[in-house]
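A.B. asks: Take a look and give me a structure for this.
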Amino acid sequence: MRRQWWVVAVVVAIALWFFANIEPVLAPFFISAVLAYLGDPIADRLETWGLSRRLSVTVVFVLLTFLICLTLLLVVPALGRQIGQLAEAIPAILNWVQESVLPKLQSLTGLDLNTDFDQMREALVANWKETSTVAATVLAQVSRSSLALVAWIGNLALIPVVTFYLLLDWDRLVAKLRDSLPRRWEPAAVRLSRECDEVLSSFLRGQLIVMLCLGVIYAVGLTLFGIRFGLLIGLLSGLASIVPYLGVIVGITVAGLVAFFQFHDPLMLLAVLGVFGFGQLVESVVLQPKLLGDKIGLHPVAVIFAVLAGGQLAGFTGVLLALPVAAVVMVVLRYLHENYKKSSLYDSSEKIGAEEPHQSEEIPPSRGDNEEPS
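C.D. replies: As a prediction, the model looks like this:
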């Protein structure tokens, strides 16, 4: 038995070493796996309606391709324009802060904040220019290096191909993996996998759709009121909604500052509050009950820690893997905690270190009655 555990540990160590060394090529396969995981329930539903597996996968694949292309054609150019406008507006925003906000803060606090603000302004402008220069250098380097350009295009081309074949064989792969498990471990492994699927579906299917819907609501509402960078602020607020209330706080703060700076009218703050209040109403009444229900998600602190730790350990691929890995770890920890609560280590009927009750020593009867008189 001990030898078997050593074999399992060695195999796991070799697998981790292997994946750590091929980390640069994992991103397209992981993106394909996520897309296949998101599309598999739709394909299964189409199969129940009488379509073949191949035709169901084709329909789902065409739908995913259409949505991705529509996003790239409509949203990305608009975001690029608004990011460029934001870069042009940063000097004016900094001048307004220095001329209007800092004097009031200085009169209230008595502190000279101009020197520190000038240093922060220079650092911000320098870093912004350096970021633009680095991006231009990277793009130029990629365009000059035919090998890097071919590898980049090849990785993009791999995503739809791998996604299609994973969708086609998803149920078969799951069945083979379950059949390969040791018979003794299968019940526990199946139970853990179902719990992992519940948590993952809550985030990758439910929470992502909630984030997308909130981003669209915020972006459309801010744009209708004529607030600059409405699309950018709305989508970023929707993405930040992966942590409860973070998207609302960030969105109201940024959109409120932009609206006040743009219109100089306090009534526009009410418009911003109305947009985000409507988004929260839709989320609590429609999106959360319909898409998430009573599914168990990750704790907000666990989400923040997982994303930061994944980025620190494995860069962009680590950020992509952070939430699925955190969900699996949470399910495994919950399983171990349940077994611990049932074990004798947690609640033993025998008190460790307790002493046995001493039996009262009986005094032997006196032999005086049995002695013969002298």
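
A.B. asks: State which helix of the protein is the longest.
C.D. replies: Longest helix of the chain, by residue count under DSSP state H: helix 300-342.

A.B. asks: what packs against that helix?
C.D. replies: The helices and strands touching helix 300-342, judged by 3 or more C-beta pairs under 8 Å, 6 or more residues apart in numbering; DSSP states H and E, are helix 26-48, helix 186-200. Every residue, glycine included, has its C-beta placed from N, CA and C.

A.B. asks: What average pLDDT does it get?
C.D. replies: For helix 300-342, the mean per-residue pLDDT is 77.

A.B. asks: ok and that helix relative to helix 186-200, angle-wise?
C.D. replies: 160 degrees (axes from the mean of the first three to the mean of the last three C-alpha atoms, to 10 degrees).

A.B. asks: Next, the angle helix 26-48 makes with helix 300-342.
C.D. replies: Using the same axes, to 10 degrees: helix 300-342 against helix 26-48 is 70 degrees.

A.B. asks: Now do Phe117, the pLDDT please.
C.D. replies: For Phe117, the predicted pLDDT is 63.

A.B. asks: Then Ala219?
C.D. replies: Ala219 is given a pLDDT of 91.

A.B. asks: Could I have the CA atoms of whichever strand or helix holds it written out in PDB?
C.D. replies: Ala219 is part of helix 208-224 when elements are defined by DSSP states H and E. C-alpha atoms of helix 208-224 as PDB (Å, rounded to 0.1, in the frame of the first residue of the first chain):
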ATOM      1  CA  LEU A 208     -19.300  35.000 -16.200                       C
ATOM      2  CA  ILE A 209     -22.700  35.500 -17.800                       C
ATOM      3  CA  VAL A 210     -23.700  37.700 -14.800                       C
ATOM      4  CA  MET A 211     -20.500  39.800 -15.200                       C
ATOM      5  CA  LEU A 212     -21.200  40.100 -19.000                       C
ATOM      6  CA  CYS A 213     -24.800  41.200 -18.500                       C
ATOM      7  CA  LEU A 214     -23.800  43.800 -15.800                       C
ATOM      8  CA  GLY A 215     -21.000  45.100 -18.000                       C
ATOM      9  CA  VAL A 216     -23.500  45.600 -20.900                       C
ATOM     10  CA  ILE A 217     -26.000  47.300 -18.600                       C
ATOM     11  CA  TYR A 218     -23.400  49.600 -17.100                       C
ATOM     12  CA  ALA A 219     -21.900  50.400 -20.500                       C
ATOM     13  CA  VAL A 220     -25.200  51.100 -22.300                       C
ATOM     14  CA  GLY A 221     -26.500  53.200 -19.400                       C
ATOM     15  CA  LEU A 222     -23.400  55.400 -19.100                       C
ATOM     16  CA  THR A 223     -23.200  55.800 -22.900                       C
ATOM     17  CA  LEU A 224     -26.900  56.900 -23.100                       C
END
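
A.B. asks: Buried residues, it. List them.
C.D. replies: Using 16 or more other C-beta atoms under 10 Å as the test for burial, helix 208-224 gives 208, 210-219, 221-223.

A.B. asks: ok, which pair from the residues you listed is furthest apart?
C.D. replies: Maximum pairwise distance among the buried residues of helix 208-224 (C-beta to C-beta): 22.2 Å, between Leu208 and Thr223.

A.B. asks: Tally up the residues packed near Glu198, please.
C.D. replies: By other C-beta atoms under 10 Å, 14 other residues sit near Glu198.

A.B. asks: oh sorry, the question was meant for Leu74
C.D. replies: 10.

A.B. asks: what about it, distance to Phe225?
C.D. replies: Distance, Leu74 to Phe225, by C-beta to C-beta, to the nearest Å: 21 Å.

A.B. asks: Equivalent analysis for Leu192, please.
C.D. replies: Leu192 is 48 Å from Phe225, by C-beta to C-beta.

A.B. asks: picking that back up, return the member of the buried residues of helix 208-224 nearest to Leu236.
C.D. replies: Gly215 (7.9 Å).

A.B. asks: hang on, the earlier thing: now do the helix holding Ala219: everything it contacts.
C.D. replies: If you take C-beta atoms under 8 Å, 6 or more residues apart in numbering as the criterion, helix 208-224 is touched by 230-231, 233-239, 241-242, 247, 251, 255, 272, 274-276, 278-279, 282-283, 287-288, 291-292.

A.B. asks: that older thread, go through the buried residues of helix 208-224 and name the one nearest Ile31.
C.D. replies: Leu208 (13.3 Å).

A.B. asks: Quick check: Gln107 vs Ser201, distance?
C.D. replies: Residue 107: Ser, not Gln. In terms of C-beta to C-beta, Ser107 sits 55 Å off from Ser201.

A.B. asks: neighbour count winner among these two?
C.D. replies: Using other C-beta under 10 Å as the criterion, Ser107 and Ser201 rank with Ser201 on top: 18 against 8.

A.B. asks: Against Arg184, how distant is the more buried one?
C.D. replies: 28 Å.

A.B. asks: ok, now Gln262?
C.D. replies: 66 Å.

A.B. asks: Next one: Gly274, what pLDDT does it get?
C.D. replies: pLDDT at Gly274 comes out at 92.

A.B. asks: who's in contact with it?
C.D. replies: Contacts of Gly274 (C-beta under 8 Å, 6+ apart): Gly221.

A.B. asks: where do the strands sit along the stretch 101-250 of the chain?
C.D. replies: Assigned by DSSP state E, counting those that start in this stretch, the strands in the stretch 101-250 of the chain number zero.

A.B. asks: Low-confidence regions, it specifically.
C.D. replies: Within the stretch 101-250 of the chain, the ranges that satisfy pLDDT under 70 run 110-152.
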